[in-house]
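Visitor: what's the 3D shape of this:
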Amino acid sequence: MGHRITVEPSDRYVRAVRGGLVLAESDGALVLRETGCPDAYYIPPQDVHLDLLTPSDTHTHCPFKGDASYWSLPDAPDLVWAYPDPKPEVAEIKDHLCFYEVEVS
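Guide: Below you'll find the model as predicted:
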């Protein structure tokens, strides 16, 4: 079996909370499933409190998704990432934000 990625609308309610502060909450998230990785929930930008986050200088490259940009909190560097120009196979996640830890219900 090779590497595989799927992206589909999530039927779950997703919240990102840090230190009691709600950073994002959405019922319109996308779930990305990737071989060897836990499910990742990509939240539409309108459901994220971008005013609480600071852009980071960090950028990483994924051969399957493309180049990621990051955002931080004062006590949590590179807590959030997004793919502003993802590879065509995962185009749906464009500009959606993903958090390392989310609550899913």
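Visitor: quick one: contacts of the helix or strand bottoming out on mean pLDDT in the chain?
Guide: Least confident helix or strand of the chain, by mean pLDDT, DSSP states H and E, is strand 103-104 with a mean of 86. Strand 103-104 is contacted from outside by 12-17, 41, using C-beta atoms under 8 Å, 6 or more residues apart in numbering. Using the backbone N, CA and C atoms, a C-beta is placed for each residue, glycine as well.
Visitor: quick check: closest non-adjacent residue to residue 96.
Guide: Spatial nearest neighbour of residue 96, chain neighbours left out: residue 42 (3.6 Å); criterion: C-beta to C-beta, 6 or more residues apart in numbering.
Visitor: point out where the chain drops to low pLDDT.
Guide: 1 (pLDDT under 70).
Visitor: what residue is smack in the middle of it?
Guide: By C-alpha atoms, centre = their mean, the mean C-alpha position of the chain lies nearest to residue 98, the distance being 1.3 Å.
Visitor: what residues are up against the residue nearest to residue 26 when sequence neighbours are not counted?
Guide: Excluding its sequence neighbours, the residue lying closest to residue 26 (C-beta to C-beta, 6+ apart) is residue 47, at 3.7 Å. Applying C-beta under 8 Å, 6+ apart, we find residue 47 in contact with 24-26, 28-29.
Visitor: cool, thanks, talk later.
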